[in-house]
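J.: Quick one: sequence and predicted model below, then my questions.
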Amino acid sequence: MTRVPHLTARLQGFGTTVFAEMSALAVATGSVNLGQGFPDYPGPPEVLEVARAAIGTAADQYPPGPGTAELRRAIATHRERFAGPSYDPDTEVLVTAGATEALSGALLALLDTGDEVVLFEPMYDCYAAGIAMAGGVARPVPLHPPTEDGGRWTFDPAELRAAMTPRTKLLLLNSPHNPTGKVFTPDEVELLAAHAIANDLLVLTDEVYEHLVFGNARHVSIATLPGMRERTLVVSSAGKTFNVTGWKIGWICGPAALVVAVRTAKQFLTYVNGGPFQPAVAAGLALPDTYFEAAARDLEYRRDVLVQGLRDGGLPVFSPEATYFATVDVRSVQPDGDGLAFCRSLPERAGVVAVPTGVFYDPAHAHLGRHLVRFAFCKRDGVLAEAVQRLRRLT
Ligand SMILES: Cc1ncc(COP(=O)(O)O)c(C=O)c1O
């Protein structure tokens, strides 16, 4: 591991990410970039229009610390409409700078030095860094890849039990899950809730992909299970649902005492953000059910295009139940089974960029995902078609 001069010991090891390397490679080689998980198509016009109209008005100034009352009400109403439970917009909802600030604010607010956080890996990259910045210790539990086509990512309940210690303070869950596209089943969520209650844990649940769920998969928020609302903070954001990842409007909902704790940390991170975007996101959250259904169906279609294209390119694919991402097992086209080496050579071999799943694991467990690679499919038809055509060069 290269030591970064001047950087605090807490953040050594969190150097430049592979995303930056792969994106630079995409630009340098003129490759189709399926590495980064953001859409290249716009959000709903009625949402964009509200933001445009808000610029040049009082919305340009600092919004209230917890977020505008209108947006907090919209979040509470939306939460109750789709996932439950209900929250008081005045005391139990906090608007944040994306889900990222909700997560880091919660970790900074809740963890004391040495407190342990149980979470699943592969994991979204800000979790380990957020835990480290808060002085906590990550205790990752591996998700095991499907062993057959159409199989599911699973975890071993014994490995989950083994990760829990007397120092465990928090369970950090991400469902639907990045990078695997797994939706934790109702039985799995129930098991996690039972552990949280038995060990008196707080739960932080990242549900940013809550609306991007396909086929028969159903998203169940752990906050809705008996005994869970009082110990759970639910995080989500507008970025994925409305194709506005650059707006960075997120939120966190939970019992008032937990939300007050997060607000205490959050007020010294950004204080507030995105004034003109807050009314726009409020309008988006109030869109009819048909918008959210159509968004999921549209992405499901993009998933199918990419998954078929990858299969036509001779790549075994784990087709995801949700999110923006499909996972490929590269062993048949990369004899040493090294996903990172595969990603470094893919621009040359096929003119496409992806990211190795190994980077989403704790270094001690990276071998579990060494042979896997993540491709994003939240891209325009023409971009996906071009990527699919180029991937045929691999056969
Ligand atoms: C699982 C997960 N959580 C959180 C985020 C960050 O969300 P935001 O952009 O709202 O901070 C992402 C973005 O990729 C994500 O994949």
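T.: Yep, it's here.

J.: burial count for whatever residue of the stretch 151-300 of the chain ends up closest to the ligand?
T.: Of all residues in the stretch 151-300 of the chain, the one sitting closest to the ligand is residue 237 (3.2 Å; CB to the nearest ligand atom). In short, each C-beta sits where N, CA and C put it, glycine included. Applying other CB atoms under 10 Å, we find 30 residues neighbouring residue 237.

J.: so what's it up against?
T.: 96, 98-99, 102, 208, 248-251 (CB atoms under 8 Å, 6 or more residues apart in numbering).

J.: What subset of these is buried?
T.: Buried by 16 or more other CB atoms under 10 Å: 96, 98-99, 102, 208, 248-251, out of those.

J.: What about those, which are in helices?
T.: Within these, residues falling in helices by DSSP state H are 98-99, 102.

J.: Out of those residues, which is nearest to residue 330?
T.: Among these, residue 99 lies closest to residue 330 (CB to CB), at 29.5 Å.

J.: count of neighbours near residue 254?
T.: 27.

J.: show me where the stretch 251-395 of the chain has helices.
T.: 256-266, 277-285, 289-312, 339-350, 381-391 (DSSP state H, counting those that start in this stretch).

J.: what angle separates the last one from helix 339-350?
T.: Interaxial angle, helix 381-391 versus helix 339-350 (axes from the mean of the first three to the mean of the last three CA atoms, to 10 degrees): 100 degrees.

J.: and what of the third one?
T.: Computed by the same axes, to 10 degrees, the angle separating helix 289-312 from helix 339-350 equals 80 degrees.

J.: Off-centre distance for helix 289-312?
T.: Relative to its chain's centre, helix 289-312 lies at 18 Å (CA atoms, centre = their mean, to the nearest Å).

J.: who's in contact with it?
T.: Under CB under 8 Å, 6+ apart, the answer for helix 289-312 is 34, 44, 81-82, 211-215, 241, 317, 319-320, 324, 326, 328, 375, 377-379, 381, 384-385, 387-389, 391-392, 395.

J.: Over to the second one?
T.: Helix 277-285 has contacts (CB under 8 Å, 6+ apart) with 43-44, 46-48, 50-51, 54, 59, 63, 67-68, 70-71, 73-75, 77-78, 95, 238, 241-242, 244, 247, 249.

J.: just checking, residue 334 touches residue 341?
T.: Yes - shown here, residue 334 and residue 341 form a contact pair, counting by CB atoms under 8 Å, at 6.5 Å.

J.: so what's residue 3 closest to, chain neighbours aside?
T.: Nearest non-adjacent residue to residue 3, counting by CB to CB, 6 or more residues apart in numbering: residue 12, 6.1 Å away.

J.: Dihedrals phi and psi, that neighbour?
T.: As for residue 12, its main-chain torsions (degrees, to the nearest 10) stand at phi -60, psi 140.

J.: quick one: stretch 241-249 near the ligand?
T.: Yes - using CB under 6 Å from any ligand atom, we find that stretch 241-249 touches the ligand at 245, 248.

J.: what about that stretch, distance to the chain center?
T.: 13 Å.

J.: what does it rub up against?
T.: Taking CB under 8 Å, 6+ apart as the rule, stretch 241-249 contacts 38-39, 41-44, 47-48, 51, 71, 95, 97-98, 100-101, 210-212, 237-239, 273-274, 277-278, 280-281, 284, 292, 295.

J.: Filter the residues you listed down to the buried ones, ChimeraX style.
T.: The buried residues among these can be selected in ChimeraX (16+ other CB under 10 Å) with this line:
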select :39,43,44,47,48,51,71,95,97,98,100,101,210,211,212,237,238,239,273,274,277,278,280,281,284,292,295
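
J.: give me the number of residues near residue 34?
T.: Neighbour number of residue 34 under other CB under 10 Å is 29.

J.: That one reaches residue 379, doesn't it?
T.: Yes - counting by CB under 8 Å, residue 379 is a contact partner of residue 34 at 6.8 Å.

J.: what residues do these two have in common as contacts?
T.: residue 387.

J.: Please work out which residue of the stretch 1-150 of the chain is closest to the ligand.
T.: residue 98 (2.5 Å).

J.: wait, what's in contact with that residue?
T.: Residue 98 neighbours (CB under 8 Å, 6+ apart): 237, 239, 248-250.

J.: Would you map the strands across the chain?
T.: 32-33, 93-97, 116-121, 137-142, 168-174, 202-206, 232-237, 249-253, 317-318, 325-329, 352-353, 355-356, 372-376 (DSSP state E).

J.: Need these in CSV (columns: mean pLDDT).
T.: Putting the strands of the chain into CSV (pLDDT from 0 to 100) gives the following:
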stretch, mean pLDDT
strand 32-33, 95
strand 93-97, 98
strand 116-121, 98
strand 137-142, 96
strand 168-174, 98
strand 202-206, 98
strand 232-237, 98
strand 249-253, 98
strand 317-318, 94
strand 325-329, 95
strand 352-353, 96
strand 355-356, 95
strand 372-376, 96
